[in-house]
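*Asks:* What follows is a predicted structure for the sequence shown.
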Amino acid sequence: MNLFDAVGQEEYRVLQNECDVLAKEEGIHLVFLIHSTGQIIVSSGKSTHSDLTSLAALFAGSMASASGISKIFSEPEFSTLIFEGQKEQIFVSLVSPKGILIIHFDKARALGWVRFMVKKRLHIISAQLESLVDKYAQIKSPMSDISEEEIDNLDFGGF
Amino acid sequence: MSFIDHAAKEINCKIVYYGAGMSGKTTNLQYIYSETSPLVKGELVTLPTEKERTIYFDFLPLAVGEIRGYRVRFHLYSVPGQVFYDASRKAILNGVDGVIFVVDSRVRRIDANLESFDNLEINLNLVGHTMDKIPLVIQYNKRDAKNIMSISELEQLFNKQKVPSFEAIAKKGVGVFDTLKNTGKIVLKSLRQNI
């Protein structure tokens, strides 16, 4: 279950499937799709990171930084980022104006293969994500039924 | 832009600590991190420079309770205060639900505070918000320092809008949670009204 699950079941299913297909490949540890504000949309993978929330915030920040750099260089966009370590690699790609796909893989996988697989799926991920974001913007929020008193009574974890 | 996950029953809100360099934004987050249960918080992510100033942002996810079965989580960010990191500040304000403006109360830092306050207004406009509409709370920090301005003087400079404001000594935790709790409530109430 994740962010947009109840909003656009079909779109969510397709996006989850796209991530699952990539994540099943040998050498791929983790695939996740996030919104540009740092919220996780879907994730899939053999490895589990205890703090995906923080990772999502950091990757959204990295992509926002790349966007700022592109403006300085008068480029429309730097749409990909690559992190290359001794054993681990991470490929980050802008898949729509609001969507960022992150793939964590090891040296057993060539970067070119990862880049190709993402390019192949770019169109479908982008279309489904845009549709999902549109639907999300139109649904009624649970906050509309919540009273000010209920907010005032929130315990804030006791602190 | 708050994210409401109907399936997982979660409301996620983004609150940004803004202010001049060394005003105490990171100290607020560090205190919150140190005083909350591991059950309600994620890792505190900090991206400092070699001089221990924030270069990009600090980040702390924090669960603050439930409203009608929905788990409420705040994503707390602090921005770099130094003037030359303006691009970072703009990026972090993207999707913001509420702002805590941290003022360094010392007389010698008033120029820097005012510059940062102006910068907040400019950057909010750039990401589609306005100062009078965004949930805003002001924290007057470093109240234990020498040569500080009085609260009434600070209110005249920074609080013409008459938003909630709090005195704080963030390094000792004074006023830290009061500021956060009140901001949280204002943010959640604004989400109700914006429906």
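*Replies:* Perfect, thanks for sending it.

*Asks:* now the strands for chain B?
*Replies:* Applying DSSP state E to chain B gives strands spanning B:3-5, B:10-19, B:45-48, B:54-67, B:70-78, B:98-104, B:136-141, B:165-167.

*Asks:* go on, chain A?
*Replies:* With DSSP E as the criterion, chain A has strands spanning A:28-35, A:40-45, A:80-84, A:88-96, A:99-106.

*Asks:* weakest of these in terms of mean pLDDT?
*Replies:* Comparing mean pLDDT across the strands of chain A, the weakest is strand A:40-45, with a mean of 89.

*Asks:* coming back round to it: can you tell me which of the strands of chain A is nearest to B:Thr46?
*Replies:* strand A:80-84 (18.9 Å; C-beta to C-beta). Using the backbone N, CA and C atoms, a C-beta is placed for each residue, glycine as well.

*Asks:* chain center to the closest one, what's the gap?
*Replies:* 15 Å (C-alpha atoms, centre = their mean, to the nearest Å).

*Asks:* Could you list the buried residues of the lengthiest helix in chain A?
*Replies:* Ordering each helix of chain A by length in residues (DSSP state H) puts helix A:111-138 first. Neighbour counts using 16 or more other C-beta atoms under 10 Å in any protein chain shown place A:114, A:117-118, A:121-122, A:125-126, A:128-130, A:132-133, A:135-136 of helix A:111-138 among the buried residues.

*Asks:* With mean neighbour count, distance to B:Arg89 and mean pLDDT added, can I get the strands of chain B in TSV?
*Replies:* Converted to TSV, these look like this (neighbours: other C-beta atoms under 10 Å in any protein chain shown; distance: least, C-beta to C-beta, whole Å; pLDDT from 0 to 100):
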stretch	mean neighbour count	distance to B:Arg89	mean pLDDT
strand B:3-5	22	21	67
strand B:10-19	25	7	91
strand B:45-48	16	13	74
strand B:54-67	21	9	82
strand B:70-78	23	10	90
strand B:98-104	25	11	97
strand B:136-141	25	15	98
strand B:165-167	20	21	98
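
*Asks:* which residues of chain B fall in helices?
*Replies:* Using DSSP H, helices in chain B cover B:25-35, B:86-93, B:110-126, B:151-158, B:176-193.

*Asks:* and those as CSV, adding mean neighbour count, distance to A:Ser96 and mean pLDDT?
*Replies:* As requested, the helices of chain B are arranged in CSV below (neighbours: other C-beta under 10 Å; distance: least, C-beta to C-beta, whole Å; pLDDT from 0 to 100):
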stretch, mean neighbour count, distance to A:Ser96, mean pLDDT
helix B:25-35, 21, 31, 94
helix B:86-93, 22, 18, 81
helix B:110-126, 17, 21, 95
helix B:151-158, 14, 39, 97
helix B:176-193, 20, 25, 91
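
*Asks:* The residue nearest to A:Met63 when sequence neighbours are not counted bridge partners, please.
*Replies:* Take A:Met63 and drop its neighbours on the chain: the residue closest to it by C-beta to C-beta, 6 or more residues apart in numbering or on different chains is A:Ile100, 5.2 Å away. Taking DSSP bridges as the rule, A:Ile100 bridges to A:Ile34, A:Leu94.

*Asks:* Now do A:Ile100 against chain B, distance only.
*Replies:* For A:Ile100, the distance to chain B equals 12 Å [C-beta to the nearest C-beta, to the nearest Å].

*Asks:* Check A:Val133 too.
*Replies:* Look at A:Val133 and chain B: by C-beta to the nearest C-beta, they are 10 Å apart.

*Asks:* The residue lying closest to that residue once chain neighbours are set aside: what's it in contact with?
*Replies:* Nearest non-adjacent residue to A:Val133, counting by C-beta to C-beta, 6+ apart: A:Lys98, 5.8 Å away. With contact set as C-beta atoms under 8 Å, 6 or more residues apart in numbering or on different chains, A:Lys98 has these partners: A:35-36, A:129-130, A:133.

*Asks:* Got the phi and psi for A:Lys98?
*Replies:* The phi/psi pair for A:Lys98 (degrees, to the nearest 10) reads phi -120, psi 0.

*Asks:* circling back to that earlier point, list just the nearest of the buried residues of helix A:111-138 to A:Glu84.
*Replies:* Of all the buried residues of helix A:111-138, A:Val114 has the smallest distance to A:Glu84: 11.7 Å, by C-beta to C-beta.
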